[in-house]
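Enquirer: Got a predicted structure plus its sequence, pasted below:
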Amino acid sequence: MDQNKAIYLDYAASAPLDKRVLREMMPYFEENFGNPASIHSYGQRAEAAIESARERVATTFRVTPQEVVFTSGGTESDNLAIRGAAFSKREITGANRILISPVEHHAVLETAQQLSKHFGFIVEFLSVDEFGRVDPEEVDAGIKPDTAIVSVIYANNEIGTINPIREIAAICREKGVLFHTDAVQAAAHLTINLNETPVDLLSIGAHKFYGPKGIGSLIARKGAKLVPVITGGAQEFSLRAGTSNVPYIVGLAEALKLTSENREPNSLRMRALRDRLIEGVLESIPRAKLTGHPVERLPNHASFVFEGADANLLLVMLDMAGFACSSGSACKVGSPKPSEILKAIGLSSNWAMGSLRVTLGVDTTLEIVEKFLKALPPLVEQARSLKA
């Protein structure tokens, strides 16, 4: 099938750039191209654009502009939060323990594992229920006097489950432990008010909400001290050295603004489509299970496992049939091993190897969902028979 006519159902991996966002960005590639560190008028215009963007991001999350740090994306934000907080906390208090869930994005998991392997930190894992959800009471029990930082993903990229972040953050605040959440998926679909939710460190990435790839932000609340990961300059309050990516920063702020303005109607529409998709798959395909929480999940996110199917083979067949989907995290596509997240929620390999993630976006219609529901069942059966 012509790739240009393929139906895109992988918005959790990346959303297309909104044309309105691109229009906002273009002047900073062209006439306003100056380095914001320069004193002359070109630099001043670039610096003004960054600070305006910082204020807009701050307004969305109900924080101060000084608490908004621009990065290259969600992965760097996670790295700066985990690594930066762990080193800082150990230096100040001697705390040497990191507490995370087993269903984190690899940007959190592998950062914590590196800190353990090369820098002597102790990494401990919370358990999750069959939906991949963390119990706040376990967080409470898991925090020790030498815990430097706790990190729990806001909404899971692979199975869509939303964690009780407000309750977890409140426990960490009460115990005086820094709390980080990867909100890369959540920021596109959930209202996040950090005046009401005491998160210390929060990561986002623009390309999940129709902004450009290669730009993100770490919201670092006042009092959350960090050791910078990238050194060499005083940009971003000396937390992230390097010449500022002005057009992309402008793009992130505009995409976030548009997402916030349209979040409620978009979420209502996508939730209805998502529920129809889940209902249709479970009714038409035997030996199929929904993964993730049935209610507390992202409004655009449907994920499944099919017993005895080969996920990678199914993805290839779906692509040939004109549907772009995923088997989970975009960072895991092509892996011949069962997902760590699916293992953490108790699925056997025979189920976990047959995973499928379908994520909806602004261009998804009921007609598209029905077309997908018609195409999927025979492809799943084919994937099962070829694997056998």
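Expert: Looks like it arrived, so ask away.
Enquirer: what's the spacing between the residue lying farthest from the centre of the chain and His105?
Expert: Going by Cα atoms, centre = their mean, the residue of the chain most distant from its centre is His40, 37.7 Å out. Separation of His40 from His105 (Cβ to Cβ, to the nearest Å): 41 Å. Quick note: C-beta positions are derived from backbone N, CA and C, even for glycine.
Enquirer: for Phe121, same thing?
Expert: Separation of Phe121 from His105 (Cβ to Cβ): 19 Å.
Enquirer: okay, now Gln235: neighbour count?
Expert: When neighbours are counted by other Cβ atoms under 10 Å, Gln235 registers 18.
Enquirer: same deal with Ala241?
Expert: By other Cβ under 10 Å, 14 other residues sit near Ala241.
Enquirer: check contacts around it.
Expert: For Ala241, the contact set (Cβ atoms under 8 Å, 6 or more residues apart in numbering) comprises 228, 230-235.
Enquirer: As TSV, the residues you listed with secondary structure and distance to Ser203 would be great.
Expert: As requested, the contacts of Ala241 are exported to TSV (DSSP: H, G, I helix; E, B strand; the rest coil; distance: Cβ to Cβ, whole Å):
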residue	secondary structure	distance to Ser203
Pro228	coil	16
Ile230	coil	15
Thr231	coil	20
Gly232	coil	22
Gly233	coil	21
Ala234	coil	22
Gln235	helix	18
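Enquirer: Am I right that Arg357 is in a strand?
Expert: Yes - judged by DSSP: H, G, I helix; E, B strand; the rest coil, Arg357 forms part of a strand.
Enquirer: all helices of this structure, in order?
Expert: Using DSSP state H, the helices of the chain run over residues 19-25, 41-61, 74-93, 106-119, 136-142, 165-175, 235-238, 246-284, 311-320, 340-344, 349-352, 366-387.
Enquirer: For Arg45, list the residues it contacts.
Expert: Arg45 makes contacts with 32, 34, as judged by Cβ under 8 Å, 6+ apart.
Enquirer: Asn200 contacts Ala170, doesn't it?
Expert: Not Asn; residue 200 is Asp. No - the pair Asp200 / Ala170 is not scored as a contact, 11.8 Å apart, by Cβ atoms under 8 Å.
Enquirer: what residue ranges in the stretch 1-150 of the chain score low on pLDDT?
Expert: Along the stretch 1-150 of the chain, segments meeting pLDDT under 70 span 1-4.
Enquirer: From the rest of the structure, what touches stretch 288-295?
Expert: 131-133, 156, 158-162, 278, 281-282, 301-307, 342, 345, 347, 351, 355, 380.
Enquirer: Okay then, goodbye and thanks.
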